[in-house]
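[1] Show me the folded form of this:
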Amino acid sequence: MPGNIIQRSYQQLLDILFPPQCAQCKVSGAILCPRCIASISWFTPPLCHICGLPGAGTTLCARCQHQPLQLSGVRAPGSYQEPLRSCIRALKYQGNRRLSEPLGQLLAQAYHKYAMRADLVIPVPLHQEKLQQRGYNQSQLLAESCARQLQLPLSTTLIHRIHSAPAQVTLTAQQRRKNLQGAFRCTQNHTTQSLLNRRILIIDDVCTTGATLEACAAPLFAAGARAVWGLVLARPLSGVPTSTGKR
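    Numbers count the residues shown, from 1 in each chain. The predicted structure follows:
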């Protein structure tokens, strides 16, 4: 923790000497400027109580009435469109790790806006091979920033990924769930007693079908968690077609 404080202080000094540019509009002054943050279109009610997507005529949307997600629910500030889409891609694929701070603040705002309640924050873990390839876990960076804003405890070791699933871009929702079945497991030092009746908040960047969040939630529920919620930056409104999808 002291090391993180020193690093942030050093970064603040560098920002004074060399003002950063907005990752979206390139205006000098902030890594994500207030104007671009204000341009994010938040989901507006009514929202489905489970998947959190807009347009539900009742408490549940038609999809969740038929096949609800196997977790307490998912919430996101908005849809997977600009400027969120470019910011997420810059954080995830272009190495712009500093975006995790304003995006983590956005997640914290969503947590308050949706009146969420959690005892513990965790990121969706990457498989070790992918972590070595990318060099960092963008979900962990977001979770660290969000938990710090919310002053909630954070665990990056509660669950781990035990196998790396093949690419899911061309898979349907049902295929994704099967692809990720058993992909996550609670670490041995976290017993059922330590998770009993806890409310867990899982952080990720994007949720398409919810399959990844469901797979993360399964071992947490099995270990006694009372509630497991997903909080992500964006959700594609179109979902996943029968044969193709984004993630």
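
[2] Poorly predicted segments of this structure, please.
    For the chain, the stretches flagged by pLDDT under 70 are 1-19, 56-57, 165-173, 175, 179, 189-193, 238-247.

[3] Show me the residue sitting in the middle of it in space.
    Geometric centre of the chain, nearest residue: residue 204, 1.8 Å, by C-alpha atoms, centre = their mean.

[4] where's that one relative to residue 91, distance?
    Per C-beta to C-beta, to the nearest Å, residue 204 is found 12 Å from residue 91. Any C-beta I mention is one placed from the backbone N, CA and C, and that applies to glycine too.

[5] Now for the two: what residues contact both?
    Taking C-beta atoms under 8 Å, 6 or more residues apart in numbering as the criterion, residue 204 and residue 91 both touch residue 142.

[6] ok, back up a step: in what helix or strand does the residue nearest to the centre of the chain lie?
    Assigned by DSSP states H and E, residue 204 belongs to strand 199-206.

[7] check contacts around residue 122.
    Counting by C-beta under 8 Å, 6+ apart, residue 122 touches 143, 154, 155, 156, 158, 159, 200, 201, 202, 203, 216.

[8] Now neighbour count too, for those residues, in TSV please.
    What follows is the contacts of residue 122, written out as TSV (neighbours: other C-beta atoms under 10 Å):
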residue	neighbour count
143	27
154	19
155	15
156	16
158	26
159	26
200	26
201	27
202	28
203	28
216	25
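
[9] Turn those into a markdown table, columns for distance to residue 186.
    As requested, the contacts of residue 122 are exported to a markdown table (distance: C-beta to C-beta, whole Å):
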| residue | distance to residue 186 |
| --- | --- |
| 143 | 17 |
| 154 | 16 |
| 155 | 11 |
| 156 | 13 |
| 158 | 7 |
| 159 | 5 |
| 200 | 11 |
| 201 | 16 |
| 202 | 13 |
| 203 | 17 |
| 216 | 10 |
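
[10] can you pull out the strands in this protein?
    73-75, 78-79, 120-123, 159-161, 184-186, 199-206, 227-235 (DSSP state E).

[11] Could you say which one of these comes nearest to residue 44?
    Residue 44 lies closest to strand 78-79 among the strands of the chain, at 9.5 Å (C-beta to C-beta).

[12] correct me, but residue 229 touches residue 201?
    Yes - the pair formed by residue 229 and residue 201 meets the contact definition of C-beta atoms under 8 Å, at 5.3 Å.

[13] Now do the shared contacts for the two.
    Residues touching both residue 229 and residue 201 (C-beta under 8 Å, 6+ apart): 116, 118.

[14] Let's have the strands of the chain in CSV, adding distance to residue 98.
    Listed next are the strands of the chain as CSV, based on distance: least, C-beta to C-beta, whole Å:
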stretch, distance to residue 98
strand 73-75, 24
strand 78-79, 21
strand 120-123, 17
strand 159-161, 25
strand 184-186, 28
strand 199-206, 15
strand 227-235, 15
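
[15] Might one say that residue 199 is in contact with residue 224?
    No - counting by C-beta under 8 Å, residue 199 stays clear of residue 224, with 11.7 Å between them.

[16] Quick check: phi and psi at the nearest residue to the residue nearest to the centre of the chain once chain neighbours are set aside.
    Of all residues not flanking residue 204 in the chain, residue 124 sits nearest, at 4.4 Å (C-beta to C-beta, 6 or more residues apart in numbering). For residue 124, the backbone dihedrals (degrees, to the nearest 10) come out as phi -70, psi 120.
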